[in-house]
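[1] just a sequence and a predicted model for now, questions to come.
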Amino acid sequence: MTEKNQPGQATPLSLLERARGNDQQAWSRLVTLYRPLVLFWRRQANCPAAEVEDIAQDVFAAAAASLPGFRRDRPGDTFRGWLRGIARNHVLLYFRRSKGRPQPEGGSEALRRLQDLPDALASPPEDEAKEVSQLYRRAVEQVRSEFQESTWQMFWWTVIEGRTPTALAAELNVTAAAVRQAKSRVLRRLKQEMGELIE
């Protein structure tokens, strides 16, 4: 298997840029990355279990329609914060629409808690931090197939498991520079593909 992004090749568009260009495969990958996080936000807002999937679909439909308008004009603007804002609005809309119907479990208390959620750009609570960690893992897995197994393993052992290039090089009988280069290749590709999405 040859690795992509060899010298002389054009820099590929990021996943977000491709999704903005109506690339259905890119949009599908983006939804795969973020769907679990959107579902987590809906559960945190105490949406009824039966409604969580519908609300998540509404969130992604709104995000798809608004994607061309997503900007990072201010420091701290992130795709995750933007998507969380859309998700929050859709949950509020859900609770407003269901006001006359029997209250879902949590009812107005759930709405109050939703309104008390910290700003999307603030430090996430511990549970959300775990979900965000899973988002990063999904992003990493999406580029895995682009690399030879040896390159991937050197990246994984140094970045994910925290092993030092020197110790790993001795174990694998390669140079520490080769380990650092493998790590750098994967990180560079990950940033190209996901940079705006996982910050």
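    Everything's here; your move.
[2] can you find the helix or strand in the protein with the smallest mean pLDDT?
    Least confident helix or strand, the chain: helix 107-115 with a mean of 62, by mean pLDDT, DSSP states H and E.
[3] neighbouring contacts of stretch 25-45?
    By Cβ atoms under 8 Å, 6 or more residues apart in numbering, the residues outside stretch 25-45 that reach it are 15-16, 18-19, 51-53, 55-56, 59-60, 64, 80, 83-84, 87-88, 91, 110, 113-114, 117, 127-128, 131-132, 134-135, 138-139, 142, 194, 197. Quick note: C-beta positions are derived from backbone N, CA and C, even for glycine.
[4] with stretch 60-71 instead?
    With Cβ under 8 Å, 6+ apart, stretch 60-71 has contacts from 16, 19-20, 27, 31, 35, 38, 77, 79, 82-83, 86, 89-90.
[5] can you tell me which of these is closest to T151?
    Here the nearest of the contacts of stretch 60-71 to T151, counting by Cβ to Cβ, is L16; it sits at 24.6 Å.
[6] is the closest one within a helix or a strand, and which one?
    Assessed by DSSP states H and E, L16 sits inside helix 15-20.
[7] which elements pack onto that helix?
    helix 24-44 (3 or more Cβ pairs under 8 Å, 6 or more residues apart in numbering; DSSP states H and E).
[8] could you redo the last one with a cut-off of 10 Å?
    Judged by 3 or more Cβ pairs under 10 Å, 6 or more residues apart in numbering; DSSP states H and E, helix 15-20 is in contact with helix 24-44, helix 49-66, helix 126-143, helix 176-194.
[9] mean pLDDT for those helices - can I get that in a markdown table?
    Formatted as a markdown table, those follow (pLDDT from 0 to 100):
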| stretch | mean pLDDT |
| --- | --- |
| helix 24-44 | 86 |
| helix 49-66 | 85 |
| helix 126-143 | 79 |
| helix 176-194 | 89 |
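[10] nearest to W152, of these?
    Closest approach to W152 among those (Cβ to Cβ): helix 176-194, 6.8 Å.
[11] tell me what angle that closest one forms with helix 24-44.
    Here helix 176-194 points in a direction 80 degrees away from that of helix 24-44 (axes from the mean of the first three to the mean of the last three Cα atoms, to 10 degrees).
[12] buried sites along helix 176-194?
    The neighbour-count check on helix 176-194 (16 or more other Cβ atoms under 10 Å) flags A178, V179, R180, A182, K183, R185, V186, R189, L190, Q192, E193, M194 as buried.
[13] is it possible to get TSV of the residues you listed that adds distance to W157?
    Compiled in TSV, these are given as follows (distance: Cβ to Cβ, whole Å):
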residue	distance to W157
A178	13
V179	8
R180	12
A182	10
K183	9
R185	14
V186	11
R189	17
L190	16
Q192	22
E193	21
M194	21
